[in-house]
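Undergrad: Sequence below, structure please.
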Amino acid sequence: MTRDPRPSLTPSSLPDPDQPPPGPVDQSAHAVPSDFADSDLDPAFVFDFRAYDDPGDGQRWSTWLSVEPLCRGPEPRPEWVVTSQGAVDTDLGVLKTGKEADAHLVERAVPGSDAVGESVVMVAKRYRGEEHRTFHRSSSYTEGRRTRNSRDARAMAKKTAHGRAVAAGQWAWAEWQALLRCHELGLPVPYPVQIDGTELLMEWITVERDGVLETAPRLAQVRPDRALLGSYFDQVREVLTELARHGLVHGDLSAYNILAADDRLVVIDLPQIVDLVGNPAGPDFLLRDCANVCAWFRGRGLDVDEHELFGELLAQAY
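TA: Next up is the predicted model:
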């Protein structure tokens, strides 16, 4: 049976500022594709087929090997992450549009294969440049952060072309770092696959409905029964507690950026994560997160209080 590369769907980098932008991939560095690395072929007779073949419309060669190693997801990596040099990325369309970024579904697959580790659908979150955004985050989110390169900081202040390019990737880089940190802490966030400029590739959180994978709905869209509602609140409290224990605040948490994957919650949209202590507005952001989530749960009939939750979290932080 021929495999349809476009699954049925239901709608529901910044590179290190201290490093120059990566240039074109050095073909000589990839003269021996990883698929042949352990073969008996003489490397002298193996060439980089990527230099001669172009993918079709809406496709590109996998960018996994073209980004810096530190721009790839942490190890141990899930077995579904496709690292083959022969893989092709196919854009499956827009999943969601936002005020500052759009989310697309992208399939990364080795042509002709559907084995685990050879084909996967991911979310590609692509941040827009400042001139194309309809929303600009408050500078209060960035209090306590530093731009690591003084040249970049000056360029951003003057709004030069270089400064706009840096600013366009700042939030992508911030979200990448937040995902890495949360993953390290064992928090329920999408696995971060890679970052390339202003594009983040991450795990696609799904639910199965009648044998078809769909994007998990936002918490705001579900109507859980009483038992599941209580479980959901416990999960949110655990996330907030673990963040506070490490001096972090989501900064924009609500039922609209939490996904409900059946009985499991997954937190998304993390570029604005703030330092609870280093940011003067950290406690205010934490209280707002508590108020947002408690208001939603109260609206579903659960007796919870944001001030009580806020006090519990501060006790963990200090």
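
Undergrad: rest of the way, CA atoms for contacts and neighbours
TA: Will do.

Undergrad: quick one: the strands in the stretch 51-200 of the chain?
TA: For the stretch 51-200 of the chain, the strands defined by DSSP state E, counting those that start in this stretch cover 59-61, 88-97, 101-109, 119-127, 192-196, 199-203.

Undergrad: Distance to Gln272, mean neighbour count and mean pLDDT for these - can I get that in JSON lines?
TA: Output for these, formatted as JSON lines (distance: least, CA to CA, whole Å; neighbours: other CA atoms under 10 Å; pLDDT from 0 to 100):
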{"stretch": "strand 59-61", "distance to Gln272": "30", "mean neighbour count": "17", "mean pLDDT": "95"}
{"stretch": "strand 88-97", "distance to Gln272": "18", "mean neighbour count": "18", "mean pLDDT": "95"}
{"stretch": "strand 101-109", "distance to Gln272": "13", "mean neighbour count": "23", "mean pLDDT": "96"}
{"stretch": "strand 119-127", "distance to Gln272": "13", "mean neighbour count": "24", "mean pLDDT": "96"}
{"stretch": "strand 192-196", "distance to Gln272": "16", "mean neighbour count": "24", "mean pLDDT": "97"}
{"stretch": "strand 199-203", "distance to Gln272": "15", "mean neighbour count": "23", "mean pLDDT": "97"}
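
Undergrad: Let me have those strands in CSV, adding distance to Asn279 as columns.
TA: Formatted as CSV, the strands of the stretch 51-200 of the chain follow (distance: least, CA to CA, whole Å):
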stretch, distance to Asn279
strand 59-61, 40
strand 88-97, 29
strand 101-109, 25
strand 119-127, 24
strand 192-196, 25
strand 199-203, 25
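
Undergrad: Compare those strands and give me the one nearest Asp289.
TA: Minimum separation from Asp289 across the strands of the stretch 51-200 of the chain (CA to CA) falls at strand 101-109, 21.7 Å.

Undergrad: Given that closest one, what are its sheet partners and their directions?
TA: Here strand 101-109 is paired, per DSSP bridges, with strand 88-97 (antiparallel), strand 119-127 (antiparallel).

Undergrad: and those strands as a markdown table, adding distance to Tyr191?
TA: As requested, the strands paired with strand 101-109 are arranged in a markdown table below (distance: least, CA to CA, whole Å):
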| stretch | distance to Tyr191 |
| --- | --- |
| strand 88-97 | 18 |
| strand 119-127 | 10 |
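
Undergrad: Nearest to Pro111, out of the ones you listed?
TA: strand 88-97 (7.2 Å).

Undergrad: just to revisit the earlier point, and of the strands of the stretch 51-200 of the chain, who's closest to Gly311?
TA: strand 192-196 (31.4 Å).

Undergrad: in the stretch 201-318 of the chain, which spans are strands?
TA: 206-209, 212-215, 248-249, 258-261, 264-267, 274-275.

Undergrad: Need these in JSON lines (columns: distance to Leu229 and mean neighbour count).
TA: Output for the strands of the stretch 201-318 of the chain, formatted as JSON lines (distance: least, CA to CA, whole Å; neighbours: other CA atoms under 10 Å):
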{"stretch": "strand 206-209", "distance to Leu229": "18", "mean neighbour count": "13"}
{"stretch": "strand 212-215", "distance to Leu229": "20", "mean neighbour count": "16"}
{"stretch": "strand 248-249", "distance to Leu229": "23", "mean neighbour count": "26"}
{"stretch": "strand 258-261", "distance to Leu229": "11", "mean neighbour count": "22"}
{"stretch": "strand 264-267", "distance to Leu229": "11", "mean neighbour count": "20"}
{"stretch": "strand 274-275", "distance to Leu229": "28", "mean neighbour count": "27"}
